[in-house]
Structure formats: C-alpha cells, structure tokens
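Participant: Provided below for reference: sequence and predicted model.
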Amino acid sequence: MRNIPLEKIRNIGIIAHIDAGKTTTTERMLYYTGKTYKIGEVDEGTATMDWMIQEQERGITITAACTTCSWNDFQINIIDTPGHVDFTVEVERSLKILDGAVVVFCGVGGVEPQSETVWRQADRYNVPRMAFVNKLDRTGSDFFDVIKQIHKKLGANAAAIQLPFIQDDNLKGIIDLIEKKLILYKDDLGKEFDTLDVPADLLGEVDRHRNVLLEKLAEVDETIMDNFVHGKGISVTQIKETIRKTVLQNKFVPVLCGASLRNKGIQLLLDAVCDYLPSPIDLPPIKGIEPETGEYEEILTSDDAPFCALCFKVVVDPYVGRINYLRVYSGTLNTGSYVHNASHRIRERVTKLLKMHANRQEIIDSISTGDIAVAVGLKDTMTGDTLCDESNPILIEAMRFPEPVIQQAIEPKTKQDQEKLGTALHKLEDEDPSFRVNYNHETGQTIISGMGQLHLEIIIDRILREFNVEAQVGMPQVAYRETITKKVVSTGKFIQQSGGHGQYGHVVIEMSSQEMPGSGVTFENKIKSGAIPREFIPSVKQGIMGAAKSGVLAGYPVTDVKVILIDGSFHEVDSSELAFQMAAAIAFNDGLKKANPILLEPIMDMEIAVPEEYMGQVIGDLNSRRAKITSLAVRANVRAIRTYVPLAEIFNYATVSRSLTQGRASYTMEPSFYAEVPSHIAEKIVVGFTSLGLRKSF
C-alpha cells in the first residue's frame, strides 16, 4: 500500500562535471534527512554512495547509485551520477527515468565541459532542473560569474533565488532573495542556524538581485510581467508558484548556492527540491507504443492503471545474482507476480522486490507508481526493456547509448581462466550498454571496447578482483571507422550450381554517404514490380549489415553509409535467403572499394586547466598532437584551453601533462565527432593491417 501521496514524491538526479561535488552534496542530503547518522566523505573513501572499492580508491563516482530519503513529509528518491565522461552512460539512463535534476556547478570552475554534456542530456529528455553553485567557500569562487556562464554556454533562462553571505572571505550564510531573509549558520555541522532580517547595508544589493529574478520570471510568465511592469506588488507565494510552474515547463532555472563540504546550503536545497521540482503527476503522461498496432498510447500516472515500468539498469550482485533497477510509471507490482516483457515478448516472474540504499538492500512487498526500486528473478530482462501487465502490453521507447571509442585485446592467462573470463565479460556487458565484447576471428583475439581508458581500466580491475580471473591485456587501440566519399551503384551476384538445387541471388544497390554524421549504416528498399520477392528483402538487409561490420581498408566497422536497394533478380527454384544475404554482402563490399573509402578517427573535445606560466609548453605540445585549439579563457588563477584533438594522439596524456606542468594541470575530455584520418597516417594503419595478412578477401 502507498504510504506517501504521489504529489509528495520527488525522483531527482544529482548531475555535474567531475569533481563539482555531486556525491558530497548527496551525502549531506542523506545526513540532514536522517538517512545516515554520520557524514561520509569522498576523499576518505567513506561516502555512502561511492560503495564500489574502485570508487573509494580513486575518489570518483563510477556507477549511478540510488537511495531514498524523507524531508518535510516528502519522499525523495535520489540518483547520484558519475561526472567522468567515460561513465556518461550512467547519466544517460538515469535522466531517462528521472522527473527532475539538480545540476551542481563548481563556484571556481563554473560551466565545465561535462557540465555542458549533462545539460544537453537533460535537454534531450526534457528534464526540469535547478542549479546549485557549490564550493563558494573556496578562493577564486564567483557565484555571479557562474550564472553568466549558465546563460552564455547553456542558453538557460536562469536567475539566483539565493545569494552567498560572505564575511572575512568565509561563507557564513545564505540570503533568501524570495523572502528577503538571512540564514546564518551557527555550527560547523550546519544543523543550527538563525533566520534573520537582511542587514540594512545589504538591502540595496538584495533588492537589485531580486528584481533580476522577477525580470527573468516576467520573460516567461504573463502575470508576473503584468504586475512587474505596472508596479503591482508580487507576493512571496506568487513568486514561488511561478518558479514552480516555469521550472516544470523547462522555461526557468532557479540558481541556489552553498558549500557542501562545509555543510552550508543543503537544507535550503532540499526545500527547493520539494518546492520546485516535479512529482510524477506534474509531468505529461509518458507515451508508449502498443506492440501489435504500433499506435502511440499515453500511460496514465496512477496506481489504479495497468502496471508499466522501464528497466533502466542491470547489475550482477555477488550474493543475490542478477538484479534489475525499475522505474514504475503506472500501476503496482507485488512480490511473486508475473510480468510481461514487451520488448522481448516473454513472461518473467519477480521473486523479490528491494529498495536500494547505494549497495544496501531493503526487502519490500510491493512497488507502486513513481517508485524507483529493484526486482530480483528477471532472467532475460535487459537495460531499456519495458515490463507491463500481460493484458495491457505497451512498449516505452528504449534508450540510445554512445558507441565505444577505444578498445583493447584481453586473453586469459591459463586454460582454467578461459571460461571464467567469458562469464565475467558476459555479465559486465549485461550491466554496461557502453561496454562491448567482440571476438576477432582473423586474429583470434577477444576485443573489449569502451568509452575511454579509465572505463576499460575499471572493467579490467573488476575482472581481476570481483571475478578472480587472471587475464592479460594489450595496449589500448583507437576504434577507427571506415566510410565512403562518393555515390556509387554496385551489383552483387551469388550463383552456385551443384547437383540438385543451386543458389541464386542478385542485387543492385546504390551507396552514398549520410548527410548527418553519426547516422551509421541505413538500408532502404526501393524495389518496384517485384524484382526481388518481399520475403528476401530482410536477408538483403542482413547481408549488408553483416558486411558493414568490417570495411575494406583495414577491417574497421563501416559507418555513415546510406544503402538503397534499387534492383535485382531471382530464380524461382534456386533463390534462397542465404543466396540474397551473400549477394548483398558482395555488392556492399564491391561498392565500398569503388566509393573512395576513407578512415575516420574519434576526435575528443578536451579542456585543459593550466597555470599561466606553463601555457606555452602545453600549447606547443598540443600542436604536435594535431590538436585544433578553439578557445583560451581565464578561469580564477588558471587558463582554460579548449581544443579538439584526435584520440590516437593523447593516450597516457595524464603522464605528459604532469611532466609538462609539474603536476599542476588538469584536463577533461569527451568524444565529440569522427573526422577523416590524414592520408599519411591512414597509409600506415592500412599497411600495418595488410602486413598482418588480415586484408579482407572477396
């Protein structure tokens, strides 16, 4: 049975750039809500939400951790997400199922590269959000500059609803602009504070910033605009109601401030989460597809509606086994019930239901609309699958995950480790949609692919520790791609005659490059008058997609190619699915050769924060790495260099940057796009591939 009404539930994510203070903020939320009795610290490896041993050792968040707490009769379900770009898939799948988000910004660093990435992800899923400017206790922090950056870099209609109260270069309290009150902290734990009137000498500045807030609200709300223009009074209640309404519409972003490490601003942040972020019933009903008809249907946000939930994460627990994280959109589900997996059209039984507090489990009897919980016993349900009532099947749009950009070879050290390695890789692939495992038949190697060096480092560390597998790994390799540069028409024939039935398949395809980079390989059928029977068309597509896994230059996957089936022929007796599959592969490979194929390499969007005195050495080194510098900015006491640089040129850049700057530089990077490899480098890659005797034969 539901204990808390739907309107008092908040499903929120804490998202930000690496090291902005997400986990520290979450830890304070848990402490002040009474969920934990002691504050965990990231730097000491005692943070509740960073429970993995790899997180504790490195002081970073790797996996999105869920927890639930209560504040002023509200239930807040929190997901603390990673900030490192290698684990951006955790942010992606969390935002898919969240109702709102708190975006944390560093008061010194401002809007950093990964801040932009998570903001764009939130835009894609239309998630209402608020901003929390953290670390305002640090030297060089600038609250108002961060707001300017939010306007300029993120294009958000944002305004402060609080101001930092700083005395003697220390953050002593927070000024509430809406109620014009000063919250003055009395103890280091931040539990005791006084609520006072704003000091007289600050009233002018407070009124000025309050007017800025009202102006920003007036831009998106006619009532506030009318009252503001005509000098009518605007009440505190009216301001709060307008902020809530415009946040839900994604038209306004309230900006809060504080210093999580110093225990300041968190209770006010919790109040704002309850006041301004949406409950499950505040948002438009989510849409799904009826599997049989393909028609869109709205999923009613109610416990009385048929059950519907999305599996957004799979984890292999060492004690419980496979567990599935679910977001419930409608209805209720009890332990021991059967559910219908609409994605795979199978029936599954839920043997146990759990509420998660990071890695700690609490057994519950049922889950209801708005809940984020865990189901045990689902054998074949994967990330992105929809679970629903058998009598009311519906399919929620699945998530899309980025393609890996880096790969390594891995092999077991002993025969005994071979089976254990296969099991470990299979489980890790189930958990992480951005991690891929392939077997290269030509080299006999198992290839693992991921989003970056750190991503693969963590995967390998888990294989060694969690699964007790002794394994050897090769050097990281760039995940190159191949594509074409001109439009061609290609013919493929597969004809074999032997004793009885032969094989006959004949296709003509048109190949061209995609207008939109990153579109992958697409197939379109434009056959007219039945030149190829309809039942063979899927085989043609299958043959093309299979051939696209390995290009003609150096065996890398083919991307950004549009394939149109325009003609062909068949034999009434000898034609088969296999024949058309082979003919399509022949046509595709022949077309690749004729269409001036080129190699593509991943280009990283990189930002380096470096002290002024080392900037010359760093820029000189970047130029030698084929980097294209796009901007130079001043940030506190360092220079921020923004650049595009090929991934192949910056392996082990951490070591290089340390030696160039005596360890004083830091950098972040994320995959941005694929670009053509310069011809002299492409030749070396192709020659190296050919010298191994791996060139494709046709």
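Facilitator: Sure, I can see it.
Participant: and the longest strand for the protein?
Facilitator: The longest strand of the chain (DSSP state E) is strand 598-610.
Participant: Give me the number of neighbouring residues for the residue nearest to residue 458 when sequence neighbours are not counted.
Facilitator: Among residues not flanking residue 458 along the chain, residue 54 sits closest, at 5.4 Å (C-beta to C-beta, 6 or more residues apart in numbering). All C-beta atoms are positioned from the backbone trio N, CA, C, and that covers glycine. For residue 54, the count of nearby residues is 18 (other C-beta atoms under 10 Å).
Participant: Report the mean confidence score over the longest strand of the chain.
Facilitator: Strand 598-610 comes out with an average pLDDT of 89.
Participant: do stretch 393-406 as well
Facilitator: 82.
Participant: per-residue confidence at the residue nearest to residue 458?
Facilitator: Predicted confidence (pLDDT) for residue 54: 70.
Participant: is it fair to say it lies in a strand?
Facilitator: No. Remark: residue 54 does not belong to a strand; assigned using DSSP: H, G, I helix; E, B strand; the rest coil, it is helix.
Participant: what's the distance between it and residue 452?
Facilitator: 15 Å (C-beta to C-beta, to the nearest Å).
Participant: one step back: confirm for me that the residue nearest to residue 458 is in contact with residue 462.
Facilitator: Yes. Using C-beta atoms under 8 Å, residue 54 is in contact with residue 462, at 7.1 Å.
Participant: picking up where we left off before, so who does the residue nearest to residue 458 touch?
Facilitator: Going by C-beta atoms under 8 Å, 6 or more residues apart in numbering, residue 54 touches 62, 458, 461-462.
Participant: tell me the secondary structure for the residue nearest to the spatial centre of the chain?
Facilitator: Residue closest to the average C-alpha location in the chain (C-alpha atoms, centre = their mean): residue 92, at 2.7 Å. Following three-state DSSP, the label given to residue 92 is helix.
Participant: I figured it hits residue 398, correct?
Facilitator: No. Between residue 92 and residue 398 there is no contact under C-beta under 8 Å: 11.7 Å.
Participant: shared neighbours, these two?
Facilitator: Joint contacts of residue 92 and residue 398 (C-beta under 8 Å, 6+ apart) do not exist.
Participant: hmm, back to that, what pLDDT does the nearest residue to the residue nearest to the centre of the chain once chain neighbours are set aside get?
Facilitator: Closest residue in space to residue 92, ignoring its immediate chain neighbours: residue 121 at 5.9 Å, by C-beta to C-beta, 6+ apart. Per-residue confidence at residue 121 stands at 86 (pLDDT).
Participant: quick revisit: using ChimeraX, define a selection of the buried residues within the contacts of residue 54.
Facilitator: The following ChimeraX selection, which keeps only the buried ones among the contacts of residue 54, applies the criterion 16 or more other C-beta atoms under 10 Å:
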select :62,458,462
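Participant: how near is residue 535 to residue 570?
Facilitator: 10 Å.
Participant: what about the protein, any weak spots by pLDDT?
Facilitator: 1-2, 40-52, 55-58, 61, 440-444, 498-500, 636-637, 689-698 (pLDDT under 70).
Participant: buried set for stretch 173-182?
Facilitator: In stretch 173-182, counting by 16+ other C-beta under 10 Å, buried: 173-178, 181-182.
Participant: cool, and stretch 70-82?
Facilitator: Applying 16+ other C-beta under 10 Å to stretch 70-82 flags 71, 74-82 as buried.
Participant: One more: stretch 419-436?
Facilitator: 420-421, 424-425, 427-428, 431-436.
Participant: Tell me how many other residues crowd residue 276.
Facilitator: Residue 276, neighbours per other C-beta under 10 Å, totals 24.
Participant: Oh, that last question was meant for residue 526, not what I typed.
Facilitator: 10.
Participant: got the angle between the host helix or strand of the residue nearest to residue 92 and strand 598-610?
Facilitator: Per DSSP states H and E, residue 121 falls inside helix 113-124. Comparing the axes of helix 113-124 and strand 598-610 via axes from the mean of the first three to the mean of the last three C-alpha atoms, to 10 degrees yields an angle of 120 degrees.
Participant: What strand or helix carries residue 363?
Facilitator: strand 360-364.
Participant: Starting from that strand, tell me which strands it pairs with and how they run.
Facilitator: Strand 360-364 has these partner strands in its sheet, going by DSSP bridges: strand 352-357 (antiparallel).
Participant: and the closest residue to residue 33 other than its chain neighbours, helix, strand or coil?
Facilitator: In space, and not counting its chain neighbours, residue 33 is closest to residue 69: 3.9 Å by C-beta to C-beta, 6+ apart. Look at residue 69: counting by three-state DSSP, its state is strand.
Participant: Residue 69 is in contact with residue 31, isn't it?
Facilitator: No. Between residue 69 and residue 31 there is no contact under C-beta under 8 Å: 9.6 Å.
Participant: And the strands in the stretch 301-450 of the chain?
Facilitator: Counting by DSSP state E, counting those that start in this stretch, residue ranges of the strands within the stretch 301-450 of the chain are 308-317, 321-330, 332-334, 338-341, 346-349, 352-357, 360-364, 366-368, 372-376, 386-388, 395-396, 406-412, 436-440, 445-450.
Participant: circling back to that earlier point, quick one: the residue nearest to residue 92 from residue 16, how far?
Facilitator: For residue 121, the distance to residue 16 equals 12 Å [C-beta to C-beta].
Participant: okay, the two: which has more neighbours?
Facilitator: Between residue 121 and residue 16, counted using other C-beta under 10 Å, residue 16 has the larger neighbour count: 30 against 19.
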